[in-house]
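Q: mind folding the following:
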Amino acid sequence: MLFGNNFDEIKVKTNGAEIFLTHGGAGPPLLLLHGYPQTHVMWHAVATRLAESFHVICPDLRGYGDSSKPSGTADHYTYSKRAMAEDMVEVMESLGYSEFLVAGHDRGARVTHRMALDFPEKIQKACLMDIMPTLHMFKHTDQEFATGYYHWFFLIQPDGLPEHLIGADPAFYLKSKLKKWSAPGSTFTEEAMAEYIRCFSQPATIHATCEDYRAAASIDLQHDEEDLNKKIQCPLLVLWGSKGFVDRTYDVLDVWQNRALDLKGKALDCGHFLPEEAPVSVAEELQHFFGS
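A: Numbering: from 1, shown residues only. Predicted coordinates:
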């Protein structure tokens, strides 16, 4: 078992979904949110280390893993980061927590960003991993961005086009994404990879994750525009991979400085998948930031 016997698995019903999660450890509540095209499993090497000091909660976002896949809507609100953030707040409330710590990677970081804006009274500290603000990235699109993040524009296409093409060989697509975004020589455990393929091979998951990106290119941008002058209130840690697209494309801290009141950050020696490429470093950074 990737998380060991000290972690339990449960499902929590929220207003709009049923969320699968694993949790374990004792101490302050720490929510860890995964990215695309993975599941909560991406946190396995980090969560087991942090469980010595925190009650670690690792859910599958709606549409991913073993969480439910609600039907999409014309405005894509069902898979908006606002709806996903509401899921997570309800999950934590079901566990008895009105306030908590949170770290998110990739899509999970975008949910974390939205949650910090919509529920500032609930987020004590937050960590965002290897992302820039969605609105900033779309507004600064150029050939380099469109090439490196081509999937942002592929997955939002309508009428089932990406679903059909990915569905022809989901394992190939998933493995190609992991290889492209990780640093040369990076590996993923066989057990984790098997879980990613099992979950991502479901047609409902492929569709739901496309809806996630369609929401990002539509209703999420509307929400971000409305909150353009709103800053993250809690202490914020931003981490990114020194061998990835974000590092070579953006002045990371300069951009995030305009979105947060209390910011710290640094690059780690890895590609995009920090929790799996550099789990010891990530665990140390989170332990220091959330434990202080």
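
Q: centroid-nearest residue for this protein?
A: G108 (1.7 Å; CA atoms, centre = their mean).

Q: doesn't G35 make contact with that one?
A: Yes. In this structure, G108 is within contact of G35 by CB atoms under 8 Å, at 5.2 Å. (C-beta placed from N, C-alpha, C; glycine too.)

Q: and the residue nearest to T39 when sequence neighbours are not counted, backbone torsions?
A: Spatial nearest neighbour of T39, chain neighbours left out: G65 (3.5 Å); criterion: CB to CB, 6 or more residues apart in numbering. Phi and psi for G65, reported as degrees, to the nearest 10, are phi 60, psi -130.

Q: do L128 as well
A: phi -110, psi 130.

Q: do the same with P235
A: Dihedral angles (degrees, to the nearest 10) for P235: phi -60, psi 130.

Q: same question for P170.
A: Dihedral angles (degrees, to the nearest 10) for P170: phi -60, psi -30.

Q: tell me, how many residues neighbour it?
A: When neighbours are defined as other CB atoms under 10 Å, P170 has 19 of them.

Q: and for G27?
A: That count, for G27 with other CB under 10 Å as the rule, works out to 15.

Q: ok, T134 next?
A: T134 has 19 nearby residues by other CB under 10 Å.

Q: tell me the contacts of the residue nearest to the centre of the chain?
A: Under the criterion of CB atoms under 8 Å, 6 or more residues apart in numbering, the contact list for G108 reads 32-35, 61.

Q: secondary structure element for the closest residue to H76 other than its chain neighbours?
A: Setting aside the residues directly before and after it, H76 is nearest to A215 in space (CB to CB, 6+ apart), at 4.0 Å. For A215, the enclosing helix or strand under DSSP states H and E is helix 203-216.

Q: which strands or helices does that helix pack on?
A: Using 3 or more CB pairs under 8 Å, 6 or more residues apart in numbering; DSSP states H and E as the contact test, the elements touching helix 203-216 are helix 150-154, helix 161-167, helix 190-200.

Q: which among the contacts of G108 gets closest to P279?
A: L32 (11.9 Å; CB to CB).

Q: wait, is that closest one part of a strand?
A: Yes. With DSSP: H, G, I helix; E, B strand; the rest coil as the criterion, L32 is assigned to a strand.

Q: what's the burial count for it?
A: A total of 27 residues lie near L32 under the criterion other CB under 10 Å.

Q: next: E93.
A: Neighbours of E93 (other CB under 10 Å): 14.

Q: follow-up on the earlier one: how far does the helix holding A215 sit from the chain's center?
A: 14 Å (CA atoms, centre = their mean, to the nearest Å).

Q: next, the angle from it to helix 190-200.
A: 80 degrees (axes from the mean of the first three to the mean of the last three CA atoms, to 10 degrees).

Q: so for helix 203-216, what's the average pLDDT?
A: On average, the pLDDT along helix 203-216 is 98.
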